[in-house]
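> Any chance you can model this:
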Amino acid sequence: MAAKPPVQSRIWSHTVEDCDVEDRDALLRFRARSEGWSELLRGDPAHSISSQFNDMLWQDAAWRMANEARRYAQEDGPNASVAPILGAMLDRGYVAGQVIAIGRLLERSNPRQPQRGVVSLRRIADEIRAHRDLFTREIFVCQDGLPYDWEAARERGVAAWMAKHDPNEGVQMQWLPTQGPDAWMTAQQQHKLFDMLSQTDPQVRSRRDRLGDAVLDRLDSMLDDQVFTDVLALRNKTIAHAADTFSRAQAAGLRQGLNLEEFARAHYLLLGVLQAISAGLLYGEWRGSAVPVPQHDQFAHLASVFVPDGRIKELRTYWRQHCEERDGWLSAAYDDAMPKTA
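Residues are numbered from 1 along each chain as shown. Down below sits the predicted model:
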């Protein structure tokens, strides 16, 4: 029976054996962790961090657009954008939605309780710190086939090019590889990035250089910013839970809401941590746009009236019928809840 072909990785283009790394066991463990982090960032079909950011920032942009439309009413006259019933619904939904979205990205995940595992930015930051020993220079640079000695790779590339071309032919274009053992320029860039991450002088580089405290401490500092303390207190005491008087008193400086600048700061900090982890530490994708690119006309029908005049009477009737039905529940549901006589 013929052997099965090796499974192709979604992340790696080169095998561990093809990587210029001395500690192969550490590379295997690094790859396993990176695949898990990639799943959290982009792969989870229901709650990936990427999709969480898409939803959070889209809803923020959509509400801000609706809020901007209210300003036009000051000059153009009242319209549906300033209808009190719509305004209250939009505003409450915006605050609750943003507080919940931000809180989800900040949730911690206990590795000892995998049944309660969550997909969050805080989880990845915590796991990277817990496994920082895997972030050595040789693994960071050579994790997927890049050469450790980029200068030697450059010399080989120049020699190979010279052997195939006549220097007297004038200016010629050459495409440089970006992956694999000949991608010396990419390897050079990775060394420079790791110099910053490890706080190492380029003159004393070593394969065993490790991730420094500065970047990890900075990520923690950003995720511990006061704005997130306020967001989580609002979520825990007001939005997600109806905390009683004593419980609310335990949250120093508990707020009734946040202003738009604070939501913007929360988004700014979360985007910074996301980019640092995804594109910096994990050498993955750079998020190209903060707000998702519309796949349809997001302004469709906004110029139309919300309800034609002739339909207002029908809406009033619907409102009355709805309220009367719920009023009836007061007695019917009471009868269901109370014990029946023998």
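> rest of the way, CA atoms for contacts and neighbours
Fine.
> Look up phi and psi at residue 55.
phi -70, psi -40 (degrees, to the nearest 10).
> what's the neighbour count on it?
A count of neighbours around residue 55, defined by other Cα atoms under 10 Å, yields 17.
> Show me what the helix-or-strand element of the chain with minimal mean pLDDT is packed against.
Here the helix or strand of the chain ranked lowest by mean pLDDT, DSSP states H and E is helix 245-249, holding a mean of 78. With contacts defined as 3 or more Cα pairs under 8 Å, 6 or more residues apart in numbering; DSSP states H and E, helix 245-249 has no helix or strand neighbours.
> Who are the contact partners of the residue nearest to residue 212 when sequence neighbours are not counted?
Of all residues not flanking residue 212 in the chain, residue 198 sits nearest, at 4.3 Å (Cα to Cα, 6 or more residues apart in numbering). Residue 198 is in contact with 209, 210, 211, 212, 213, counting by Cα atoms under 8 Å, 6 or more residues apart in numbering.
> again, but for residue 49
Contacts of residue 49 (Cα under 8 Å, 6+ apart): 40, 41, 42, 105, 119, 120, 121.
> Correct me if wrong: the third one contacts residue 53.
Read it as residue 42. No: with contact defined as Cα atoms under 8 Å, residue 42 does not reach residue 53; the gap is 10.7 Å.
> Between those two, tell me which one has more neighbours.
In terms of neighbours (other Cα under 10 Å), residue 53 is the more surrounded of residue 42 and residue 53; the figures are 21 against 16.
> Local confidence estimate at the residue most central in space within the chain?
Of all residues in the chain, the one closest to the mean position by Cα atoms, centre = their mean is residue 49, 4.2 Å from it. What the model reports for residue 49 is a pLDDT of 96.
> distance of it from residue 262?
Per Cα to Cα, to the nearest Å, residue 49 is found 21 Å from residue 262.
> Next one, pLDDT for residue 174 please.
At residue 174, pLDDT is 67.
> residue ranges of the helices in the stretch 1-150 of the chain, please?
Along the stretch 1-150 of the chain, the stretches classed as helices by DSSP state H, counting those that start in this stretch are 24-38, 49-76, 84-106, 121-130, 137-142, 150-164.
> Give me the residues contacting the shortest one.
Read it as helix 137-142. Residues contacting helix 137-142 (Cα under 8 Å, 6+ apart): 19-22, 27, 30, 147-148, 187, 190-191, 194, 206-210.
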